[in-house]
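Student: Dropping a prediction and its sequence here:
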Amino acid sequence: MKKIISVVSLTLIGFTSYSMAADADKGEKIFTANCTGCHAKGMNHIAEGKSLSQEDLKINNRHSSAAIVDLITNGKSPMPAFGKSGAISTSDIENVAAYVLKKADAGW
Ligand code: HEC
């Protein structure tokens, strides 16, 4: 009985952390499909000074998962509102935000 309980609780813990942790590896595919047109290699081909470098993200108050998720969800013209339009799911928005932060901190 004890064994069963610990298996069940381990499974629950596994599910919880899975649904909470953003997956940067999955985010890479989302990035390649949706973002490289304007942000290839972490650049910003449209708005200079708004690249995805760690430095620019910090200057522009975007160096956090919450701030990037908000931007991808609601857009900021000419950047599309991927969340509002339903183009990218909520969990994939979290994944691609994790990817952007990871690459920014690694220097792309
Ligand atoms: C049509 C071009 C375009 C596409 C596609 C696009 N963006 Fe952007 N992105 C922009 C522009 C323009 C800005 C600057 C917005 C502003 O004025 O703050 C920006 C800003 C950002 C920033 C903040 C950068 C900073 O230093 O302030 C992040 C992070 C970002 N984009 C991530 C993404 C991600 C992730 C995707 C794909 C899901 C994406 N963008 C797709 C054009 C685009």
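Tutor: Thanks, I have the structure now. Numbers count the residues shown, from 1 in each chain.

Student: of all the residues in this structure, which ones are close to the ligand?
Tutor: 31, 34-35, 37-39, 44, 46-47, 50-52, 56-57, 60, 62, 68, 71-72, 76, 78-80, 82, 96, 100 (C-beta under 6 Å from any ligand atom). (Each C-beta comes from the backbone N, C-alpha and C, glycine too.)

Student: Buried ones among these?
Tutor: By neighbour count, with 16 or more other C-beta atoms under 10 Å, those hold 31, 34-35, 38-39, 44, 50-52, 56-57, 62, 68, 71-72, 79, 82, 96, 100 as buried.

Student: Among those residues, name the ones in helices.
Tutor: Applying DSSP state H to these, the entries found in helices are Phe31, Asn34, Cys38, His39, Asp56, Leu57, Ile68, Leu71, Ile72, Val96, Val100.

Student: Would you check which pair of those lies furthest apart?
Tutor: Pairwise distances across these peak at 19.4 Å for Asn34 and Asp56 (criterion: C-beta to C-beta).

Student: residue ranges with poor pLDDT in this protein?
Tutor: Across the chain, the ranges flagged by pLDDT under 70 are 1-20.

Student: which ones are touching the most centrally placed residue in the chain?
Tutor: In the chain, the centroid-proximal residue (C-alpha atoms, centre = their mean) is Ala97; its distance is 1.5 Å. Counting by C-beta atoms under 8 Å, 6 or more residues apart in numbering, Ala97 touches Ala22, Gly27, Ser65, Ile68, Val69, Ile72.

Student: Then Ala22?
Tutor: Ser65, Ser91, Glu94, Asn95, Ala97, Ala98.

Student: switch to 7 Å and redo it
Tutor: Each residue near Ala22 by C-beta atoms under 7 Å, 6 or more residues apart in numbering is listed here: Ser65, Glu94, Asn95, Ala97, Ala98.

Student: Using the three-state scheme, assign the closest residue to it other than its chain neighbours.
Tutor: The shortest distance from Ala22 to any non-neighbouring residue, by C-beta to C-beta, 6 or more residues apart in numbering, is to Ala98 (3.7 Å). Secondary structure, DSSP: H, G, I helix; E, B strand; the rest coil: Ala98 is helix.
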